[in-house]
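Engineer: Need coordinates for the below:
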Amino acid sequence: MTGPTRRTRGEELLLARISAAAGRERLGKRRATYAGYAHTAPAKDPRARGMRSLLGFVRYGRSSGANERDEARLDLYVHGLTVAVKGRIHVVRYDATSVFRTGSPDPHDAAGAGTACTLTDVDGERVVLRAWPERGDAAEWRSAIQRGVISAQLPRALFALDEGERLTFGDIWLTREAIGYGEVCAPWPQVRGIRVRKGVVELDVDGTWHRLGPTASGIPNLFILRALVELFHRDVNGRA
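Structural biologist: Residues are numbered from 1 along each chain as shown. Okay, the predicted model is just below:
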């Protein structure tokens, strides 16, 4: 019988750095650890890309160019998560992050390993997470992240709407009275449902589906938007 594998010195140092970063942001107790791939999403502005590469060289002695096959360690905590990749520790808080779903699931891929999850860390940088296809745990950690973000942000969103504020999810907006995008504006009694079809968000207004926004992948925290639409639909129709 063999005992547990002892950590190397490098692994011990990495774990200490991860724990310290999580402690600074008060993420709470560690719940789970996963392996995957990660990279930082390049900035759209070429000047920003150049500056980011320069900062990466100054901080780490190398450019911060993206590589989708960089192995990463993902640690989930009560209030957020950390992503360790290429010597960096990215910290994400559930109450502050924006989550984007990238790509479309393969209908033959039950684990959804072909899709990616993009999150913003506490420094405002986007981190793209991909699963190891051979591990098959992508759905598990993606669901955990989604539950954490909903738990942290949905009550605050409802409170803001009750206070008369207007919330935006990309170019989609909603208030306590209505939801809209572009020329589409519907009061909640007319809204029957929301769905994602062929990568696009659609809203059912009195039995007719209307397209909202360019693509679902460009909408931050789409699952919170869906939860709000479903809650208001049940509220208006008096359903439990």
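
Engineer: Can you list the helices and strands that the helix ranked longest in the chain packs against?
Structural biologist: In the chain, taking DSSP state H as the definition, the longest helix is helix 138-162. Counting contacts by 3 or more CB pairs under 8 Å, 6 or more residues apart in numbering; DSSP states H and E, helix 138-162 packs against strand 30-40, strand 71-77, strand 80-85, strand 99-102, strand 116-120, strand 167-169, helix 222-237. Just so you know, the C-beta spots here come from the backbone N, C-alpha and C atoms, and that holds for glycine as well.

Engineer: one more time with 7 Å, if that's ok
Structural biologist: Judged by 3 or more CB pairs under 7 Å, 6 or more residues apart in numbering; DSSP states H and E, helix 138-162 is in contact with strand 71-77, strand 167-169, helix 222-237.

Engineer: can I get those in a markdown table with distance to residue 9 and mean pLDDT?
Structural biologist: Putting the helices and strands packed on helix 138-162 into a markdown table (distance: least, CB to CB, whole Å; pLDDT from 0 to 100) gives the following:
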| stretch | distance to residue 9 | mean pLDDT |
| --- | --- | --- |
| strand 71-77 | 16 | 96 |
| strand 167-169 | 45 | 95 |
| helix 222-237 | 40 | 89 |
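
Engineer: what's the spacing between the longest helix of the chain and its chain's center?
Structural biologist: Distance of helix 138-162 from its chain centroid, counting by CA atoms, centre = their mean, to the nearest Å, is 10 Å.

Engineer: swap in stretch 88-108?
Structural biologist: Using CA atoms, centre = their mean, the offset of stretch 88-108 from its chain centre is 3 Å.

Engineer: cool, and stretch 124-144?
Structural biologist: What separates the centre of stretch 124-144 from the centre of its chain is 10 Å, taken as CA atoms, centre = their mean.
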